[in-house]
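A.B. asks: Kindly generate the corresponding structure for this input.
(one chain, ligands or ions: 2)
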Amino acid sequence: MSYFNIDSIKDRTFDAIVIGSGISGGWAAKELTGKGMRTLVLERGRNVQHVTDYPTTLKNPWEFDHLGQMPKAVKDANPIVSRCYAFNEDAAHFFVKDAEHPYVQEKPFDWIRGYQVGGKSLLWARQTQRWSKYDFEGPARDGFAVEWPISYDDIAPWYSYVEKFAGISGNKDGLPQLPDGEFLPPHEQSCVEKYFGEQMAKHYNGARPIIIGRCAHLTKPNQIHYDQGRAQCQNRALCQRGCPYGGYFSSNASTIPWAQRSGKMTLKSDSVVHSILYDEKLGKATGVRVIDANTKEAVEYYAKVIFVNAAALNTNLILLNSKSNRFQNGLGNDSGVLGKYVAFHNYRTSISGEYEGFMDTTTEGIRPNSSYIPRFRNVFKQETDFLRGYAAGFGASRMTYNDRSGMGEDLKNSLAEKKYGNWRVGSHIMGETIPKETNYVALDSQLTDPWGIPQLKISVSYDDNDEKMIKDFHEQLTEMFTKAGFTNIKTNDIPNKAPGLDIHEMGGVRMGKDPKTSMLNKFNQLHACKNVFVTDGACMTSTATQNPSLTYMALTARAADYAVKQLKAKNL
Ligand SMILES: Cc1cc2nc3c(=O)[nH]c(=O)nc-3n(C[C@H](O)[C@H](O)[C@H](O)COP(=O)(O)OP(=O)(O)OC[C@H]3O[C@@H](n4cnc5c(N)ncnc54)[C@H](O)[C@@H]3O)c2cc1C
Ligand code: SF4
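C.D. replies: Ligands and ions are numbered 1, 2, ... in the order given. Model (predicted):
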């Protein structure tokens, strides 16, 4: 049996193993290989190579069988993923289908996943904002969850490091609640977005800025981006198909091929990590057990250091399933908090309106970005009856319609001619949710997936804090829209909508100062198993309002730097 063959074991032994090849795993692969580590990247999904595996990227709208829409039968068979705005005919092949990867919803939760090389980095909307000092201080100040073991100053240089490589466009806005980064030139705001910003500056004395979104697009590439084989973004806004220019940051366009070029990376796709192996005598992890996605055969790989980057909830699953005599409730789980204090973002509600000005101006052309309202509630002091705050997206574009009156030739002509209506304005909430012990994930005791791995049971819901935040968003945005002279203002909340569709689930393996109440130390290292690092959303102690992936990238690069230094010092 090759299993016991010494050469075979040698072939399966690496310096480092990275579990997952998405946004955070890609960064772990790049950093570890860049520091000379022979690194195995394990990915449960199929291989997706940059450009060659983007089958829809150059298609015209009429070349799709269903003109870009999802057929009813597919929607009916996939009620969960169909609720995601990006699950359309051009990108459906990058999404997990409901029946193929079952999980247990103890409470309704729309779990949106991308299982392939690149993970969700092929699907994301690329919004990338830094956290501020107020976000890292939040739990300590407001008394929710546990204190972060790091401050903004600890992570700021790592934000700069990843921003320069990934390429982040943005404007230097000088806001204390949203620190500036290493920006490429910003996209432009539409005239109504600018107008709204001017009105808010006047009415709120600068306290409610409306800025252009900061996003991972090469608006003006630097040499480091050309070195990656990437080129300037062409503003096609077809990003979820995969971008043949590498115009936006994805693992596939950036970190994975970079790691590949080092000659130090072995990438194994179709490899479902079952669990992490722990050696009681050595007091550390020795490798991972993998199930081949197609043959379902089990095989083990070994390494000195393991990075777990399977995306927040799958990382929880892997650790919970990594049981040994020493860790009967999951690897590193001496505190008993593994799987608990899961939090997410509250994207449940939005507001819309119209503006009757700027009737001589239209929006033609496309921009893969929109405007952004940074958090303005409870930033410097507690001022509402709910904890923390919300940011919001904001966009304005001209409404178009066709005149459908008339008959025959007249009707044909008017249908062919686009007419412009008022400007349409809209904003959606991006609320911070409070990590609570009662929001948890666990392994189901009965049900397994097709690879024999226990299914994940998700028990996560909105709470009173979220409801109060939604009410405040409606009140504040209505006030702001009214002050700007917008009309036909409508709020749109769906109280029975399940959480999850924000796709920013976090926590369960949180960082913290005290091993009794947290899983990871300030370098994302398991307190109780020092050679295992968790740097995806599972590590997050709290969620802030910002889109999270930039912070995962920065934490990953920082942890990889520390891990290699510790290895060299023979501390791991
Ligand atoms: C439509 C959409 C829009 C989004 N917009 C934004 C945005 O604007 N800004 C933002 O910051 N974030 C956004 N996100 C979220 C963002 O994509 C995630 O935060 C990010 O991808 C998380 O990185 P990750 O490495 O943790 O996980 P992923 O990128 O999902 O990668 C995890 C990888 O691990 C693999 N894996 C899982 N389990 C196993 C296993 N057992 N064995 C082996 N491999 C495994 C998966 O197949 C996957 O490839 C969006 C997501 C979607 C879908
Ligand atoms: S908008 Fe830019 S990044 Fe997106 S698909 Fe077009 S060229 Fe690529």
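A.B. asks: and Val96, how many neighbours does it have?
C.D. replies: 18 (other Cβ atoms under 10 Å). Bear in mind the C-beta positions are built from the backbone N, C-alpha and C, glycine included.
A.B. asks: likewise Ile489?
C.D. replies: The burial count for Ile489: 17, using other Cβ under 10 Å.
A.B. asks: what does Gln232 give?
C.D. replies: 17.
A.B. asks: Please apply the same query to Phe165.
C.D. replies: Neighbour number of Phe165 under other Cβ under 10 Å is 21.
A.B. asks: try Pro176
C.D. replies: Pro176, neighbours per other Cβ under 10 Å, totals 11.
A.B. asks: dump the residue contacts of whatever residue of the stretch 451-572 of the chain ends up closest to ligand 2.
C.D. replies: For the stretch 451-572 of the chain, the residue closest to ligand 2 is Ser549, as judged by Cβ to the nearest ligand atom, at 15.5 Å. Ser549 makes contact with Ile23, Ser24, Ser121, Trp124, Thr128, according to Cβ atoms under 8 Å, 6 or more residues apart in numbering.
A.B. asks: Out of these, name the ones that lie in helices.
C.D. replies: Members of the contacts of Ser549 lying in helices (criterion: DSSP state H): Ile23, Ser24.
A.B. asks: just checking, Phe155 touches Ala554?
C.D. replies: Let me fix one detail, which is that residue 155 is Ile and not Phe. Yes: using Cβ atoms under 8 Å, Ile155 is in contact with Ala554, at 5.3 Å.
A.B. asks: which of those two has more neighbours?
C.D. replies: Counted by other Cβ under 10 Å, Ile155 and Ala554 do not tie: Ala554 has more neighbours, with 24 against 19.
A.B. asks: confidence score at the more buried one?
C.D. replies: Looking at Ala554, its pLDDT is 98.
A.B. asks: before we move on, which element is it in?
C.D. replies: Using DSSP states H and E, Ala554 maps to helix 549-568.
A.B. asks: Would you mind listing what in the chain touches ligand 2?
C.D. replies: Counting by Cβ under 6 Å from any ligand atom, the chain comes close to ligand 2 at 217, 233-239, 243, 245, 247-248, 368.
A.B. asks: Select only the buried ones of the residues you listed in PyMOL?
C.D. replies: Typed into PyMOL, the line below selects the buried ones among the residues of the chain next to ligand 2, using 16 or more other Cβ atoms under 10 Å:
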select buried, resi 217+233+238+239+243+245+247+248+368
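A.B. asks: Where helices are concerned, which of the residues of the chain next to ligand 2 count?
C.D. replies: Going by DSSP H, the helices hold none of the residues of the chain next to ligand 2.
A.B. asks: Domain map for the chain?
C.D. replies: 1-51+118-169+215-334+506-571, 179-213+345-432+462-498 (the TED database).
A.B. asks: show me the contacts for Ser275.
C.D. replies: So Ser275 contacts Val288, Arg289, Ile318, Asn321, Ser322, Lys323 (Cβ under 8 Å, 6+ apart).
A.B. asks: what do you get if the cut-off is 7 Å, keeping everything else the same?
C.D. replies: Counting by Cβ atoms under 7 Å, 6 or more residues apart in numbering, Ser275 touches Val288, Arg289, Ile318, Asn321, Ser322.
A.B. asks: ditto for Pro139
C.D. replies: By Cβ under 7 Å, 6+ apart, the residues touching Pro139 are Ala145, Val146, Glu147, Trp148, Thr541, Ser542.
A.B. asks: Let me know the pLDDT of it.
C.D. replies: Looking at Pro139, its pLDDT is 96.
A.B. asks: ok so, going back, any idea which of the contacts of Ser549 is closest to ligand 2?
C.D. replies: Using Cβ to the nearest ligand atom, those come closest to ligand 2 at Trp124, 11.4 Å.
A.B. asks: which stretches of this protein form helices?
C.D. replies: Ranges of helices in the chain, per DSSP H, are 6-11, 23-34, 72-77, 133-142, 152-166, 191-204, 223-227, 256-261, 312-320, 408-416, 464-483, 549-568.
A.B. asks: Could I get the buried residue list for the helix holding Ala554?
C.D. replies: Buried residues in helix 549-568, counted by 16+ other Cβ under 10 Å: 549-564, 566-567.
A.B. asks: Same check on stretch 29-48?
C.D. replies: 29-35, 37-45, 47-48.
A.B. asks: Over to stretch 185-205?
C.D. replies: 186-187, 189-197, 199-200.
A.B. asks: Ligand 1 contacts on the chain?
C.D. replies: So far as Cβ under 6 Å from any ligand atom goes, the chain lies against ligand 1 at 19-25, 42-45, 84, 86, 112, 114-116, 119-121, 123-127, 272-273, 309-311, 314, 318, 503-504, 536-537, 547-549, 552.
A.B. asks: where's the dip in pLDDT among the residues of the chain next to ligand 2?
C.D. replies: In terms of pLDDT, Arg236 ranks lowest among these, with 88.
A.B. asks: Tell me, how many residues neighbour the closest residue in space to that one that isn't next to it in sequence?
C.D. replies: Nearest residue to Arg236, sequence neighbours excluded (Cβ to Cβ, 6 or more residues apart in numbering): Ile366, at 6.7 Å. Counted by other Cβ under 10 Å, the residues lying close to Ile366 total 11.
A.B. asks: For Ile366, give me its contacts.
C.D. replies: Ile366 touches Asn235, Arg236, Ala237, counting by Cβ under 7 Å, 6+ apart.
A.B. asks: same question, Asp334
C.D. replies: Taking Cβ under 7 Å, 6+ apart, one finds Pro515, Ala528 in contact with Asp334.
A.B. asks: Please renumber the chain so that the first residue is 6 from this point on.
C.D. replies: All set: I'll call the first residue 6, so the last point we hit is now Asp339.
A.B. asks: Need the domains of the chain in a markdown table (columns: distance to Gln110).
C.D. replies: Listed next are the domains of the chain as a markdown table, based on distance: least, Cβ to Cβ, whole Å:
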| stretch | distance to Gln110 |
| --- | --- |
| domain 6-56+123-174+220-339+511-576 | 12 |
| domain 184-218+350-437+467-503 | 8 |
